[in-house]
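J.: 3D model of this:
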Amino acid sequence: MDLRNAKIAVTPTSFGKTDPELFKFLESNVDEVIYNQTGKPLNSNDLAEFITDVDGYIAGLDEINSFVLSRTKKLKVISRYGVGLDNIDLEAARKKEITVTYTPGANASSVADLTVAFLLLLCRPICTAAAMLKQGDWSRTSGLSLAGKTIGLYGFGAVAKQVAKKLSGFDVKIISHDPFCDVETAKKLNVKLVSENQLLKQSDFLSLHLPVTIETRNLVNAKFLENMKQGSFLINTARGELIVEEALIQSLNSEKLRGAALDVYQTEPPGSENPLLNNPKIITTPHMGAHSEDAMNQMGWMAARDCLSVLRGEIPAFPVL
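T.: Okay, here's the model as predicted:
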């Protein structure tokens, strides 16, 4: 199609925040660009109204279900700003012949950085100690040494590989379980591949690196947690839907798990009444793993270029459908 007549919707609120040239790039190539001004992902009702008459859609964590897609009149492409696809009804998109793209690898290093930071913060109560000192309390809190510990990676995709690479100098043992594992890369990174049971029983720190599928949704339930090593820690920088949150709270209260660090939640944003946010054994952050300047910039350019490519009738660089 002639891009001069095209209209594009952009919903990720972080889009273009690190590189204003992204706005110029889109706006100079199409007739109109509309932006999500709410500061948060859109629910299905708001999104349906927002993208009703657009040709291209650069999507964040919005609820893209069959109702939304049924309301679109001329949508040709959903260009996902990120890698998670669980919020998109891919079958409904396929039926409407809407191309779906994503940005694989763009945020892997950034999410891995946060994962490693969580490891260190779970070992040493840095944030607590800093807050205490500002209140005049000179108590020198103790912690754990990361050296000699076993780090378990459930899933061995792009983020997990980056975690293993970043931990190469920490004198830790790294194990992983992934039915579709890249065996050669695991060998190069000195990662031992194990069964799920071995992963749970041996890991001092278990970090989740899985997509949300029928098989993985609510994977971390009471039985899963009971099978983990006594006094171990859980880290989730992947997807909140992987964990049954009530079961995690119970596991921490019973002291089966010693602590946890979460960047993602079943419902986002979690309400202030969510017990995860007030539990002293849990480090919580607001789904910020991908939000480094480099990652946001790369995701933005990848999503924008693929969106325009599809509208021009070209094959996108990173298609899902």
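J.: now do the contacts for the most centrally placed residue in the chain.
T.: With distances taken as Cα atoms, centre = their mean, A238 lies nearest the centre of the chain, 4.3 Å away. Residues near A238 by Cβ atoms under 8 Å, 6 or more residues apart in numbering: 155, 159, 208-211, 264. Every residue, glycine included, has its C-beta placed from N, CA and C.
J.: how does it look with 7 Å?
T.: Taking Cβ atoms under 7 Å, 6 or more residues apart in numbering, we find A238 in contact with 208-210, 264.
J.: so it sits in a helix?
T.: No: under DSSP: H, G, I helix; E, B strand; the rest coil, A238 falls outside any helix and is assigned coil.
J.: now the closest residue to it other than its chain neighbours: how far from A261?
T.: Leaving aside its chain neighbours, A238 sits nearest to L208 (4.8 Å; criterion: Cβ to Cβ, 6 or more residues apart in numbering). Distance of L208 to A261, computed by Cβ to Cβ, to the nearest Å: 11 Å.
J.: residues shared between the contacts of those two?
T.: Common neighbours of L208 and A261, counting by Cβ under 7 Å, 6+ apart, are I235.
J.: listing request: residues of the stretch 101-250 of the chain with sub-threshold pLDDT.
T.: By pLDDT under 70, the stretch 101-250 of the chain has no low-scoring segment.
J.: surely A147 and D171 touch.
T.: Yes: A147 is within contact range of D171, at 4.3 Å (criterion: Cβ atoms under 7 Å).
J.: and T267, what pLDDT?
T.: On pLDDT, T267 comes in at 92.
J.: need the three-state assignment for it.
T.: Following three-state DSSP, we place T267 in the coil state.
J.: burial of it, as a residue count?
T.: When neighbours are defined as other Cβ atoms under 10 Å, T267 has 10 of them.
J.: now do the one 5 residues further on
T.: Other residues within reach of S272 by the criterion other Cβ under 10 Å amount to 7.
J.: elements contacting the strand or helix carrying R258?
T.: For R258, the element it lies in under DSSP states H and E is strand 257-262. Using 3 or more Cβ pairs under 7 Å, 6 or more residues apart in numbering; DSSP states H and E, the elements in contact with strand 257-262 are helix 108-123, strand 232-236, helix 245-253, strand 282-284.
J.: hey, which of the ones you listed is tucked in deepest?
T.: Most buried of the helices and strands packed on strand 257-262 by mean neighbour count (mean count of other Cβ atoms under 10 Å) is strand 232-236; its value is a mean of 26.
J.: list the neighbouring strands of that strand plus their orientation.
T.: Strands adjacent to strand 232-236 in the sheet, as given by DSSP bridges, are strand 205-208 (parallel), strand 257-262 (parallel).
J.: could you look over those strands and pick the most buried one?
T.: Mean neighbour count (mean count of other Cβ under 10 Å) peaks for strand 205-208 among the strands paired with strand 232-236, with a mean of 26.
J.: please save the CA atoms from that one in CSV.
T.: Presented in CSV, the C-alpha positions along strand 205-208 are these (Å, rounded to 0.1, in the frame of the first residue of the first chain):
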residue,chain,number,x,y,z
PHE,A,205,18.6,-20.3,43.0
LEU,A,206,16.0,-21.2,40.4
SER,A,207,15.4,-18.7,37.6
LEU,A,208,12.4,-19.0,35.2
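J.: got the contact list for that strand?
T.: Applying Cβ under 7 Å, 6+ apart, the external contacts of strand 205-208 come out as 115, 119, 122, 149, 151-155, 163, 200, 228, 232-236, 238, 242.
J.: okay, now L277: neighbour count?
T.: Residues lying near L277 (other Cβ under 10 Å) number 14.
J.: excluding its backbone neighbours, what's nearest it?
T.: T284 (5.6 Å).
J.: for G240, see how far away that neighbour is.
T.: Plainly put, T284 is 11 Å away from G240 if you go by Cβ to Cβ.
J.: helices along the stretch 1-150 of the chain, start to end?
T.: For the stretch 1-150 of the chain, the helices defined by DSSP state H, counting those that start in this stretch occupy 21-29, 44-50, 66-71, 90-95, 108-123, 126-134.
J.: quick check: V212 touching D86?
T.: Yes: counting by Cβ under 7 Å, V212 does reach D86; the two are 3.9 Å apart.
J.: who has more neighbours, the two?
T.: Neighbour totals were compared for V212 and D86, and V212 leads with 19 against 13 (other Cβ under 10 Å).
J.: how far away is the closest residue to K173 other than its chain neighbours from K95?
T.: Spatial nearest neighbour of K173, excluding adjacent residues (Cβ to Cβ, 6+ apart): T150 at 4.6 Å. Using Cβ to Cβ, we find T150 at a distance of 46 Å from K95.
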